[in-house]
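Q: got a predicted structure here, sequence first:
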Amino acid sequence: MSDKPPALPFVIRAARISDIEQITELVNLPGFRYGTLRLPYQTVETTRKRFETANSRTVSLVAELDGRIVGDAGLMPYEGRRSHAASLGMGVHDDFRGRGIGSALLSALLETADNWLNLRRIELTVFTDNQPAIRLYEKLGFAKEGHLREFAFRDGGYVDAYSMARLRA
């Protein structure tokens, strides 16, 4: 018998303006926020501004389960001489980790990057203590490119992060 929880019938889709309140609730969850650079108590207005100021090439996806947003991911392409590259950010609801949501969100972003945006380089940073995320990124072709010491202040102390990237040939 497997220790892994059963898969869930979630749907990956484009984020909508009407999702802003649910996305705000999601990013304010302690576990979700712990793996990001977000501060506590993000407002709906801050989430709305993220949507309104996004680059026209930005891809914003959510994972939805029974009408509830349980994952959020974005691919932010750069411009000019870095138009071949993009940064990636994502997270999964505290109660739904390890159920394939992160893998599905990341796979959808990479498929879009490869087959629709012709991106060659996808970049991200991940805290060095976030082993589940690191394993997922490595499984989908990301490699560590650097160790960023005292990268961010979190939970009363400084934490390190890895710079990771996936290059498409």
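A: It's in.
Q: measure stretch 60-74 end to end?
A: Terminal residues of stretch 60-74 are spaced 4 Å apart (C-alpha to C-alpha, to the nearest Å).
Q: whoops, stretch 47-62 was the one
A: End-to-end distance for stretch 47-62, by C-alpha to C-alpha: 14 Å.
Q: what are the buried residues along it?
A: Of all the residues in stretch 47-62, those buried under the rule 16 or more other C-beta atoms under 10 Å are Thr47, Arg50, Val59, Ser60, Leu61, Val62. In short, each C-beta sits where N, CA and C put it, glycine included.
Q: the residues you listed in strands, which ones?
A: Residues of these located in strands (DSSP state E): Val59, Ser60, Leu61, Val62.
Q: for the residue nearest to Asp129 when sequence neighbours are not counted, helix, strand, or coil?
A: Nearest non-adjacent residue to Asp129, counting by C-beta to C-beta, 6 or more residues apart in numbering: Val159, 6.9 Å away. Here Val159 is recorded as strand under DSSP: H, G, I helix; E, B strand; the rest coil.
Q: residues in contact with Val159?
A: Listed by C-beta atoms under 8 Å, 6 or more residues apart in numbering, the contact set of Val159 reads Phe127, Thr128, Asp129, Glu150, Phe151, Ala152, Phe153.
Q: what's across from it in the sheet?
A: Note on Val159: beta-bridge partners Ala152, judged by DSSP bridges.
Q: with Ile122 instead?
A: Counting by DSSP bridges, Ile122 is bridged to Ala86, Arg166.
Q: phi, psi for His84 please.
A: Main-chain dihedrals, His84, degrees, to the nearest 10: phi -90, psi 0.
Q: hmm, Arg120 and it touching each other?
A: Yes - with contact defined as C-beta atoms under 8 Å, His84 and Arg120 form a contacting pair (4.6 Å).
Q: distance of the most centrally placed residue in the chain relative to Asp72?
A: Nearest to the mean C-alpha position of the chain, counting by C-alpha atoms, centre = their mean, stands Met90 at 1.0 Å. Noted for Met90: a distance of 7 Å to Asp72, by C-beta to C-beta, to the nearest Å.
Q: need the residues touching each of these two.
A: Taking C-beta under 8 Å, 6+ apart as the criterion, Met90 and Asp72 both touch Leu105.
Q: next one: stretch 60-70 to chain centre, how far?
A: Put simply, stretch 60-70 sits 13 Å off its chain's centre (C-alpha atoms, centre = their mean, to the nearest Å).
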